[in-house]
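J.: one predicted model, sequence on top.
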Amino acid sequence: MERLDKILASQGVGTRSEVRRLIRTGRVAVDGVFTRAADEKLDPTAHTIVADGRTICYKKHLYIMMNKPDGVVSASNDSHVKTVIDILPDDLRRKGLFPVGRLDKDTTGLLVITDDGAFAHAVTSPGKKVFKTYRVTLDGALTSDSIALLRDGVTIDGNEVCLPAQVAVLDEEHFIYEIRICEGKYHQIKRMAQAVGRSVTALRRTAVGRLALDPSLGAGEVRELTDQERLLPLSDG
Ligand code: URA
């Protein structure tokens, strides 16, 4: 059981004081009956709440897939630059949303945004072995020795040992590779490339576990994950 004003604020209807004003002015109904009691306690899954004519479809947590565009920072807020939270559409805004893991400003592709800390931990913790798949364009070809090094677990910056990566050649002529890693060290793919004498010229994340980026999402577009998709990052295979 939760307070009505807290429920409405958690669903992005407005700030706590905005939703209290809505309730006080008789614009919120529970099961068809208008109420002016912001402190009324109820189970949000067992009642129909309408605020300002909009029926609230209660969701404890949000899980959003974004096709992250170039030039946007994956942080919750940054007073200087645009973040992935800033570019969310209004109907998917609510308090507590954050990106699951970080992509560099110039990395594009699959980013999950949620307000579920346990889910984020399960996806990002190296121990959980959730592989993140990247399409990596390099400034030249990887030799078979370099590929073997990356597969064994390359040492970056002289002292940080990476876990073994999965490496596949996607387009030899244009130096495009698929690299899968299950950890998220700072600039990891770029530093792994450097460790074998190459530079990354384009980086795109295409999957997290078995959750693949929806190809119909344009740059910066988002959609909610379905209930089934929400389980995919956690069931690697
Ligand atoms: N590795 C990087 O170097 N950058 C990213 O954004 C993700 C993985």
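T.: That came in fine, so what should we check first?

J.: give me the neighbour count for V196.
T.: Using other Cβ atoms under 10 Å, V196 is surrounded by 17 other residues. Bear in mind the C-beta positions are built from the backbone N, C-alpha and C, glycine included.

J.: repeat for V161
T.: Other residues within reach of V161, judged by other Cβ under 10 Å, total 9.

J.: excluding its backbone neighbours, what's nearest it?
T.: Sequence neighbours aside, T155 is the residue nearest to V161 in space, at 5.1 Å (criterion: Cβ to Cβ, 6 or more residues apart in numbering).

J.: around the ligand, pick out the residues from the chain.
T.: Contacts of the chain with the ligand, taken as Cβ under 6 Å from any ligand atom, map to L103, D104, T107, H187, Q188, I189, K190, L203.

J.: in the sheet, who's paired with the nearest residue to the third one once chain neighbours are set aside?
T.: So that's T107. The spatially closest residue to T107, leaving aside those adjacent along the chain, is L203, at 4.6 Å (Cβ to Cβ, 6+ apart). Beta bridges link L203 to V136, judged by DSSP bridges.

J.: L203 reaches R191, doesn't it?
T.: No: in this structure L203 lies outside contact range of R191 using Cβ atoms under 8 Å: 11.9 Å.

J.: these two: who's more crowded?
T.: Set L203 next to R191 and count neighbours by other Cβ under 10 Å: L203 wins out with 22 against 16.

J.: gap between that one and L42?
T.: Remark: distance between L203 and L42 (Cβ to Cβ, to the nearest Å) = 47 Å.

J.: now swap in E224 and tell me
T.: Counting by Cβ to Cβ, the separation of E224 from L42 is 24 Å.

J.: go on, L4?
T.: L4 sits 6 Å away from L42 when distances are taken as Cβ to Cβ.

J.: before we move on, the earlier item: ok, now which ones touch the residue nearest to T107?
T.: L203 sits next to D104, D106, T107, T108, Y134, R135, V136, T137, I189, K190 when contact means Cβ atoms under 8 Å, 6 or more residues apart in numbering.
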